[in-house]
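Enquirer: Coordinates for the following, if possible.
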Amino acid sequence: PVARWIDPDWLEDKCEDCECSLCFGVMVEPASACVEVHSFCRGCYVKALVGQKKCPACRRPVADESKLARNRQLEGIIGKLRLRCEHGEKREEAGGPPAAKRAKLEPAASMTVQALRKELRQRGLKTPGTKPELVARLEEDRKQGAGCKWKGRVGGLAAHLLECQWVPVKCPNEGCTESPPRKDLAEHEATCGMRKVKCAHCEGQMEHQLLAEHEGSCTLAKVECPNEGCSVLHMRGAMNLHREKCEHEEVACSCPGCDARLLRKDMDAHFEATHLGPGVSAVKLLQSAYDRIAALQAVAESEQGNLSPAPTTWVFNWRADGWKTGHFSSEPHSFGGGVTGQCVLLVNANDSPFVGFEFKGIDRGRVHATFSIIDKHDKTLRRVHVVGSSTAPAESDFTNALYKGRQFTPTAEEKVQSERADGSIRLRAVVRLFPDLAA
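Expert: A predicted model of the protein is given here:
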């Protein structure tokens, strides 16, 4: 049985009486209801009866579709008709001399690479390769004729289409609109940009076409320290922990009145030679420090009216998928003035999670923060990190680091007490942001 529309052009045997005058295809399940035995596709006949209960040809009354009789004699004739696969050569291509057909085509050697690939795609062929390879592939296919070479009977068409390698098959990857020939589906799936892949660092799942961009910003990816001369690898999201100690980081001299900036590894030698060595005038050094303090005090007083010294406090509560590898962030919070803050838990494969925070919209500030693990009864299980204090908040520079925080190691007991019925855990951070009067 055939349950699909067939273009009469694919028939090798001529049979005008086998064509449906409603859909202009070869009749599928021919049926009739009038005394003249006018036959049409059963599906076409049923649709025609919706508007009027008459035979579409002779206009004789037909009560309803229950009166349709299967024309088995015509069905048997149609089933024996010879035809080509609809995914093979068209009649006009196969009927005439191959040379006559090729004369209408532009010679492959004179076509551009873009044109070569376009025709190869239309023929269901592979498109990668150099121009000579594309030319050879196209010329060979033009000689052989493109598409499926199957020939059979109408009655065997349905079974053939179930295994025909030229039938377009929709890519199963969600979001992909490609429908390559069945013979190329496996190759397409292996290279489809919409196929789902996992990040090797955080194990997050995403489309392959987004993987490169994600890996370029994944906070759990190991990256090399950006300081020239240092080759240490560290998680991108916690690189600031390394840079706070990196010997190749450029830092400012801590001596009041000195504007020197050197690599951390050279700072001790600079301090000893410049500020503690022979011939260094202590009076001159102190005077320079006093001048610097006076200048900073003048700036602070002039800006005092534009700053609010009161700290802004917010309690972050957020969820993580247990203690497995991943990047788990809280909802961002606005601290006003265009400043937003967010807390994060980064869990790596070494069982040394990182907890911290980041601020956007501000370069410098003073922070007091506490980070805690919450047990399954919503009580504080352990305070894992403290930044500064309410009376002495920590000075923080937010210009060159993604997150400020530290790594810690949860005990086995803490893991058990913190995991909830669904396997998740909860964290809490109380963050107070003080305006930086020296900014």
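Enquirer: In contact with the residue nearest to residue 29 when sequence neighbours are not counted, which residues?
Expert: Among residues not flanking residue 29 along the chain, residue 42 sits closest, at 4.2 Å (Cβ to Cβ, 6 or more residues apart in numbering). Quick note: C-beta positions are derived from backbone N, CA and C, even for glycine. Contacts here follow Cβ atoms under 8 Å, 6 or more residues apart in numbering; on that basis residue 42 touches 28, 29, 30, 31, 68, 70.
Enquirer: Where does pLDDT dip in the stretch 151-300 of the chain?
Expert: 277-288, 290, 298-300 (pLDDT under 70).
Enquirer: ok so, going back, pick out whichever of the contacts of residue 42 sits closest to residue 118.
Expert: residue 28 (34.2 Å; Cβ to Cβ).
Enquirer: Neighbours of that closest one, how many?
Expert: Using other Cβ atoms under 10 Å, the number of residues around residue 28 comes to 22.
Enquirer: What's the separation between the closest residue to it other than its chain neighbours and residue 133?
Expert: Spatially, and ignoring its direct neighbours in sequence, residue 28 is nearest to residue 41 (4.7 Å; Cβ to Cβ, 6+ apart). For residue 41, the distance to residue 133 (Cβ to Cβ, to the nearest Å) stands at 46 Å.
Enquirer: Same drill for the two, tell me which one is more crowded.
Expert: residue 41 (22 against 12).
Enquirer: Hmm, the more buried one is touching residue 29, no?
Expert: Yes: with contact defined as Cβ atoms under 8 Å, residue 41 and residue 29 form a contacting pair (6.4 Å).
Enquirer: just to revisit the earlier point, could I get the contacting residues of the residue nearest to residue 28?
Expert: 20, 22, 23, 25, 27, 28, 29, 30, 31.
Enquirer: Tell me the backbone dihedrals of it, please.
Expert: Note on residue 41: its backbone torsions stand at phi -60, psi 140 [degrees, to the nearest 10].
Enquirer: what's the closest non-adjacent residue to residue 328?
Expert: Nearest to residue 328 is residue 320, by Cβ to Cβ, 6+ apart, at 3.8 Å.
Enquirer: how much space between the one you found and residue 78?
Expert: 65 Å.
Enquirer: Looking at the two, which has the bigger crowd around it?
Expert: Taking neighbours as other Cβ under 10 Å, residue 320 and residue 78 compare with residue 78 leading, 25 against 21.
Enquirer: that older thread, out of the contacts of residue 41, list just those in strands.
Expert: 30, 31 (DSSP state E).
Enquirer: Including pLDDT and distance to residue 426, could the contacts of residue 41 go into TSV?
Expert: Listed next are these as TSV, based on pLDDT from 0 to 100; distance: Cβ to Cβ, whole Å:
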residue	pLDDT	distance to residue 426
20	93	67
22	92	66
23	91	63
25	91	64
27	92	67
28	90	62
29	91	63
30	92	69
31	92	67
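Enquirer: Specify which member of the contacts of residue 41 is nearest to residue 61.
Expert: Once Cβ to Cβ is applied, the member of the contacts of residue 41 that ends up nearest residue 61 is residue 31, at 16.2 Å.
Enquirer: Just confirm the closest one contacts residue 39, I think it does.
Expert: Yes: assessed by Cβ under 8 Å, residue 31 is found in contact with residue 39 at 6.5 Å.
Enquirer: ok, these two, which is more surrounded?
Expert: Neighbour totals were compared for residue 31 and residue 39, and residue 39 leads with 26 against 23 (other Cβ under 10 Å).
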